[in-house]
Structure formats: C-alpha cells, structure tokens
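1. Provided below for reference: sequence and predicted model.
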Amino acid sequence: MTSWSNVHLMFCEGAHDAAAIKLLLRKSLGFSQESLKVSDFPYPVSNVIKQSFKTRASEDLRLDLAKKFFLPDFVVSRDSVLVMIFNYGGSNRSQHMTPFLENVFTLLNAPEFSTSANSNVEVRFSYTVFADADDIGIVRARERISSEFGQINSSPWLTRTWTAIENTKAVMQPSVFGPVAAYIWSKWAEDNGTLEDCLLECFVGRDRFDTTLEFIDSRFNWTPGEDATSDEICATASKRLKAAFCVEGQYKKPGGSLSVILDQGELLNLDSFGRSNAIQDCLRFLNTWLVVT
C-alpha cells in the first residue's frame, strides 16, 4: 500500500461541492479515486472513524440516523498526496466539523502520535475550508470561518489573520496541527456569488445551455419576492443554476442528483474549465497548495 506523507482534509459546503472538487483534482491535476477500508485511512483519521462506528452502534439509533456519520464523500490520491473531501452540510458546518476535528486533534496531540500506525513515514496534515461568498463577500465569508473555528477543544485554532496565496483568491495561515487554507467561491469579477456562478462560466458559448436556462425559466418562477433579503436572492439564483445543471446532465445520468452528474456525467471537462476564470483560479490554488504543503 502507498505510504502517504501529505494528507489533506478538505471541507466543502455540500455533496455537489465535494463532487466538483474531486472533478477538478481528477480531470486537471492527475488525482485518482481511492476505495479504502477504514483501516487503510491514515492515523488518526482511521481511529476517529472506527470510534464513530462503535459509538453509533452502541447508541441503538434508528437506521436513518445511524447512517449520518461524518465521513469523506471522496478520497483521491496522487503519489504521496492523499486528499479526503468532506461535505459539511451547508450552514451547519461547525456542528459537523468541530467534533470530528476535536477527535483528530486530540490524537495528533498525543505523545505517541509520531509512532502510532505511521511506520517510518512522517505524515503532514493540512486543511482547506471551502465556502461561498454568497451576498456577504469574500472577506466576511473568511471572517465567519475564523469565528466558527477559532477554537477546537478549547484551544486556539484559527485566527483572523490570513496570508494570500500568490496568484489566487485563496488564503492560508499556520496552525499547530498543520497549515489551513480558505477558498471562497465567488463570481470572477464581483465580490459575491457561489460555486454555481463559477461553474456557469464553464458554459459560456454553449447555445444548448442557454436553451436549458430558457426551459427552466419558462417552467418555474425564479423571481424573488419583493421582501426577499439579499441572502434569499442569492440562494434563489444558486437554485436556478443547480436546476439547469441537473437538466444538462440527465442524458448521461437520468434521474441523477447534481453531485452524481458532476462526478460521473461528463458535464464538464478541461475545455470547459478553461472558459472559467474562477475555476482556473481554484485550479491554481489546488496545484500550489497540494505541492507546497
């Protein structure tokens, strides 16, 4: 089995966000999907997952609740680099991420970590939090990340001081448990927007997609109410694009969700990535971050 010396934990807003990151890593940066058993995951992540299974089993939960483990949606690798892509569930990210990170950091901080299940390989961990700028902008979205994860296990983790990663919109900061990056999705020329706005740029010049948008607009009313907040207006615009992307992917993956369509539907490729300045920016970040850290 490959010994991974660089382990990246990436946290995305939803299932289709995770699928989009996996797609970029696989199509553009040469990563391959991994199908690992729990024992194959690097320590201490493997221990945290095992303990989660044991805890859930002992709680005698209903089946629908028992399925809700905080596990990576995708695991990909390239050479000595392993990337685990998690879906943190939208606005509830601290609720899902914090207990997981508490357990990981507790084991990373243990005196025996340097020899636990790592053989002679020194494993370096790093972390990335992806989020949408939405209507509040890139800076405020970063501030929310700093605020929500300022402390883990009553110990400081993130500060409000970020350093720009050259030639990208991404930022990073050091932490006692490894470097942390934040990447905020936004429209290329505006300080607002979502991942869907970035993906929309990939369809520039494709008449077929314009036809799909016309159909979506004729079928549903996407006009926000007069009393709609800026947040609600942004959310509605995002929902409209998600619906259009799903329609586009139905030929290849009929009945598929957006995450399945992005992952398996061949909706986007290297040529379409090249049409989007925003996606190219994210690729520059990923290429730099996964090498430097």
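-> Noted; the coordinates are in hand.
2. mind listing the strands in the stretch 51-200 of the chain by residue range?
-> Along the stretch 51-200 of the chain, counting by DSSP state E, counting those that start in this stretch, strands occupy 72-78, 81-87, 124-132, 151-152, 155-156, 163-164, 171-173, 180-185.
3. Of those strands, which is nearest Lys242?
-> strand 124-132 (12.4 Å; Cβ to Cβ). Heads up, the C-betas are built off the backbone N, CA and C, glycines and all.
4. Can you tell me the strand partners of the closest one and which way each runs?
-> strand 6-12 (parallel), strand 180-185 (parallel) (DSSP bridges).
5. Now mean pLDDT too, for the ones you listed, in CSV please.
-> As requested, these are exported to CSV (pLDDT from 0 to 100):
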stretch, mean pLDDT
strand 6-12, 96
strand 180-185, 98
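6. Take those and lay them out in JSON lines including mean neighbour count.
-> JSON lines is the format used below for the strands paired with strand 124-132 (neighbours: other Cβ atoms under 10 Å):
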{"stretch": "strand 6-12", "mean neighbour count": "24"}
{"stretch": "strand 180-185", "mean neighbour count": "25"}
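7. could I get those strands as CSV with distance to Phe215?
-> Formatted as CSV, those follow (distance: least, Cβ to Cβ, whole Å):
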stretch, distance to Phe215
strand 6-12, 29
strand 180-185, 25
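8. nearest to Leu107, of the ones you listed?
-> Across the strands paired with strand 124-132, Leu107 has its closest neighbour in strand 6-12 (13.0 Å, Cβ to Cβ).
9. got the angle for that closest one vs strand 72-78?
-> For strand 6-12 against strand 72-78, the angle by axes from the mean of the first three to the mean of the last three Cα atoms, to 10 degrees is 140 degrees.
10. How far off centre is strand 6-12?
-> Chain-centre distance of strand 6-12: 8 Å, with Cα atoms, centre = their mean, to the nearest Å.
11. Now do the next helix or strand after that strand: distance to the chain's middle.
-> Downstream of strand 6-12, the first helix or strand assigned by DSSP states H and E is helix 15-29. Put simply, helix 15-29 sits 9 Å off its chain's centre (Cα atoms, centre = their mean).
12. how's the protein carved up into domains?
-> As recorded under automatic domain parsing, the domains making up the chain are 6-190+277-292, 202-268.
13. Distance to Glu196 added to these, as a markdown table?
-> Below are these laid out as a markdown table (distance: least, Cβ to Cβ, whole Å):
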| stretch | distance to Glu196 |
| --- | --- |
| domain 6-190+277-292 | 8 |
| domain 202-268 | 4 |
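14. Name the stretch among those that sits most buried.
-> domain 6-190+277-292 (a mean of 17; mean count of other Cβ atoms under 10 Å).
15. List the contacts of stretch 216-232.
-> 134-136, 233, 236-237, 239-240, 243-244, 247 (Cβ atoms under 8 Å, 6 or more residues apart in numbering).
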